[in-house]
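**Student:** Fold the following, please.
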Amino acid sequence: MTTTFHRRTRKERFGEILRREGLITQEQLVSALEVQRRSGGFLGEILVELGAIAETDIVKTISVQLQVPVIRPAQYEVDRELLKRFTPEFIYTYRVLPFDRVHDLILVATPDVPSEETLAALRQACGTNVAIFVSSVTDIECALNQLMPVTEDQRERFNQIRRRRTCAAPPTEEGTDETLLAPAAAEESPAEIDILPAAPRGGSGESDTSWEAIFDEAEHNLKQDS
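**Tutor:** Predicted coordinates:
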């Protein structure tokens, strides 16, 4: 189910969505793509750093256009035991925050739609499938600073790995982005990034629980914690 969702999102070009919605100009898109080509990184984060768009607009656009639910980790009681199943290197490099488990799904917050590589690594680590929620970079980093703090040297090393993984192909003649919301193919193989501090436990098996029920339960939990 997650893989099908991801294939559908890959048909969308995030920069073109933002431009079509009037949130950025063509010139801002081309500038951000050039930065992405030179240095790597995710397009939305680059646009925010350039002052072209607000983080809230990025989150709203992903949620509305790609039908991904929104989560604010600060308003949710993150499952710390679940988070301990991942190494800081994996969490910071892929910039994901596994925050809860509902039935046979791991709920994961991310500022982007993750690549198939990231989803596969998460499924392997958890022994189950993954449901994606969108959050802002700032909200995720604030949560990680509290729940999984690292040194500045570690943070810089993880950032360098992430930038190498997300180096984009040059823009097309029309200036559209080729990397969509997801990172480009990794320069380093997944085996070179430690995922788990210990061997993962087995999954809980198949479940016919609907996506609507999963999100309703997560929303109910969120309201209880507010």
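
**Student:** Quick check: which ranges of this protein have low pLDDT?
**Tutor:** In the predicted model of the chain, residues 1-12, 166-226 satisfy pLDDT under 70.

**Student:** can you rerun that using 90?
**Tutor:** Within the chain, the stretches falling below the threshold (pLDDT under 90) are 1-14, 36-44, 62, 64-67, 85, 93-95, 103-104, 112-130, 159-226.

**Student:** mind listing the strands for it?
**Tutor:** Listed in chain order, the strands of the chain (DSSP state E) span 97-102, 105-110, 129-134.

**Student:** and among the ones you listed, the most buried is which?
**Tutor:** Of the strands of the chain, the one with the most neighbours on average (mean count of other CB atoms under 10 Å) is strand 105-110, at a mean of 24. Where C-beta positions appear, they are placed from N, C-alpha and C, glycine not excepted.

**Student:** report the angle between the axes of that one and strand 129-134?
**Tutor:** Taking axes from the mean of the first three to the mean of the last three CA atoms, to 10 degrees, one finds strand 105-110 and strand 129-134 inclined to each other by 30 degrees.

**Student:** And strand 105-110, what does it pack against?
**Tutor:** Judged by 3 or more CB pairs under 8 Å, 6 or more residues apart in numbering; DSSP states H and E, the packing partners of strand 105-110 are strand 97-102, helix 116-126, strand 129-134, helix 137-147, helix 211-225.

**Student:** one step back: could you provide the strands of the chain in CSV, with additional columns for distance to L66?
**Tutor:** Conversion of those to CSV gives the following (distance: least, CB to CB, whole Å):
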stretch, distance to L66
strand 97-102, 18
strand 105-110, 12
strand 129-134, 8
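
**Student:** Quick check: which of the ones you listed is nearest to T151?
**Tutor:** strand 97-102 (19.1 Å; CB to CB).

**Student:** Would you mind extracting the C-alpha trace of that closest one into CSV?
**Tutor:** As requested, C-alpha coordinates have been extracted for strand 97-102 and formatted as CSV (Å, rounded to 0.1, in the frame of the first residue of the first chain):
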residue,chain,number,x,y,z
LEU,A,97,10.7,10.5,12.9
PRO,A,98,9.0,7.2,13.7
PHE,A,99,6.5,8.4,16.3
ASP,A,100,3.9,5.7,16.9
ARG,A,101,2.7,2.3,16.0
VAL,A,102,-1.0,1.6,15.1
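
**Student:** Could you list the buried residues of stretch 137-145?
**Tutor:** Within stretch 137-145, the residues that qualify as buried are V137, D139, I140, E141, A143, L144, counting by 16 or more other CB atoms under 10 Å.

**Student:** Thanks a lot, catch you later.
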